[in-house]
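Trainee: What follows is a predicted protein model with its sequence.
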Amino acid sequence: MSAMPVMSTMPTLYTKSQLKKMNSDPTLGINWIKNIETIKENEEAKIYATGNCSLSGRFYIALPATTQLTPSLRTKYNLF
């Protein structure tokens with residue numbers, strides 16, 4: 001029996017331009033990443049799944065990579 005590969009639990013880092021490009025791609029769904037406007041141009045961000053969704057799918061929130069997820073942030077953005 002072979003061992004299963006270990007999956008990283010760390011979110012991928014994205015630039016603001018990457019987030020904007022992903023958010024405007026019709027194959028991924030338009031405007032599914034929220035909070036992009038708060039990310040600075042030279043700053044990396046992570047995206048997190050929220051409990052919010054529409055008929056088009058789940059919404060995600062972009063937060064600066066250095067942000068510590070606190071219980072209040074999890075509540076504010078309805079994060080899983």
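Mentor: In hand now; what should we look at?

Trainee: would you say Ile61 is within a strand?
Mentor: Yes - assessed with DSSP: H, G, I helix; E, B strand; the rest coil, Ile61 lies in a strand.

Trainee: any idea how far Thr15 is from it?
Mentor: 16 Å (C-beta to C-beta, to the nearest Å). No exception for glycine: its C-beta is placed from N, CA and C like everyone else's.

Trainee: what about those two, which has more around it?
Mentor: Ile61 (21 against 15; other C-beta atoms under 10 Å).

Trainee: correct me, but that one touches Lys76?
Mentor: No - between Ile61 and Lys76 there is no contact under C-beta atoms under 8 Å: 9.3 Å.

Trainee: Would you mark the buried spots in the lengthiest strand in the chain?
Mentor: Longest strand of the chain, by residue count under DSSP state E: strand 45-54. Within strand 45-54, the residues that count as buried by 16 or more other C-beta atoms under 10 Å are 45-48, 50.

Trainee: for stretch 30-39, same thing?
Mentor: 32-36, 39.

Trainee: of all those residues, which comes closest to Pro71?
Mentor: Asn35 (18.3 Å; C-beta to C-beta).

Trainee: so who does the closest one touch?
Mentor: Residues in contact with Asn35 (C-beta atoms under 8 Å, 6 or more residues apart in numbering) are 61-63, 77.

Trainee: quick one: pLDDT of it?
Mentor: pLDDT recorded at Asn35 is 95.

Trainee: Wait, Lys20 touches Ile36, no?
Mentor: Yes - using C-beta under 8 Å, Lys20 is in contact with Ile36, at 6.2 Å.

Trainee: Please, where are all the helices along the protein?
Mentor: Using DSSP state H, the helices of the chain run over residues 16-23, 71-77.

Trainee: Buried deepest among the ones you listed, which one?
Mentor: Highest mean neighbour count among those (mean count of other C-beta atoms under 10 Å): helix 16-23, with a mean of 15.

Trainee: mind checking how far Gln18 is from Cys53?
Mentor: Going from Gln18 to Cys53 by C-beta to C-beta gives 22 Å.

Trainee: Touching stretch 68-80 from outside, list them.
Mentor: 35, 48-52, 61, 63, 67.

Trainee: Thank you, goodbye.
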